[in-house]
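In: Need a 3D model of the following:
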Amino acid sequence: MVSSKKEFEITKTEEEWRKILTPEQYRVMREHGTERACTSPLDKQYAEGTYLCAACGQPLFTSKTKFNSATGWPSFFQPIEGAIGTSIDKSFFMTRTEVHCSRCGGHLGHVFDDGPAPTGQRYCMNGVSLNFIPD
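Out: Down below sits the predicted model:
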């Protein structure tokens, strides 16, 4: 379950989320899971378009900010303004910055400070948390 105490524009019961998300999407987006590296076709997707939250459809990233991080997950150097929120994740004996959809709170992945210019950030996203809409 999303642990943030923040109220989101889109809220559903866990039962309602289970009805609209696949089991893997639910595990990642609602239980803070991580998909296996190199399993998402979106990792190698480089067509022009927009990446949306798989749970609520909010636009999160554009293809102009996507890059090949060689990590096995879709990576971006900048989100669409206002599209994401962050919180501190202290699981697995480390401290990371978790990224979630600002509209529904769905877990998307993590952001790291080892990305390319101009931001120096790497938004490492679970592909199962995203839908791609080509331009």
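In: Could you work out the end-to-end span of stretch 7-24 for me?
Out: 24 Å (CA to CA, to the nearest Å).
In: how far out from the middle of the chain is that stretch?
Out: 15 Å (CA atoms, centre = their mean, to the nearest Å).
In: Buried residues of it, list them for me.
Out: Phe8, Lys12, Trp17, Leu21 (16 or more other CB atoms under 10 Å). Heads up, the C-betas are built off the backbone N, CA and C, glycines and all.
In: quick one, helices of this protein?
Out: 14-20, 23-31 (DSSP state H).
In: Which neighbours in the sheet does the lowest-mean-pLDDT helix or strand in the chain have, and how are they oriented?
Out: Within the chain, no helix or strand scores below strand 84-89, which has a mean of 88 by mean pLDDT, DSSP states H and E. Applying DSSP bridges, strand 84-89 is found paired with strand 96-101 (antiparallel).
In: Please spell out which residues along the strand it pairs with are buried.
Out: Those buried within strand 96-101 under the rule 16+ other CB under 10 Å are Arg96, Glu98, Val99, His100, Cys101.
In: quick one: contacts for the nearest residue to Tyr123 once chain neighbours are set aside?
Out: In space, Tyr123 comes closest to Phe76 once its chain neighbours are excluded; the distance is 4.4 Å by CB to CB, 6 or more residues apart in numbering. Going by CB atoms under 8 Å, 6 or more residues apart in numbering, Phe76 touches Tyr51, Phe61, Thr65, Lys66, Phe67, Arg122, Tyr123, Met125.
In: Okay, now the unreliable bits of the chain?
Out: 1-6, 92 (pLDDT under 70).
In: I'd say Arg18 and Gln25 touch.
Out: No. The criterion here is CB atoms under 8 Å, and Arg18 misses it with Gln25 at 9.7 Å.
In: contacting residues for Asp114?
Out: So Asp114 contacts Gly120, Arg122 (CB under 8 Å, 6+ apart).
In: could you measure it against Ser75, distance?
Out: Note on Asp114: its distance to Ser75, by CB to CB, to the nearest Å, is 10 Å.
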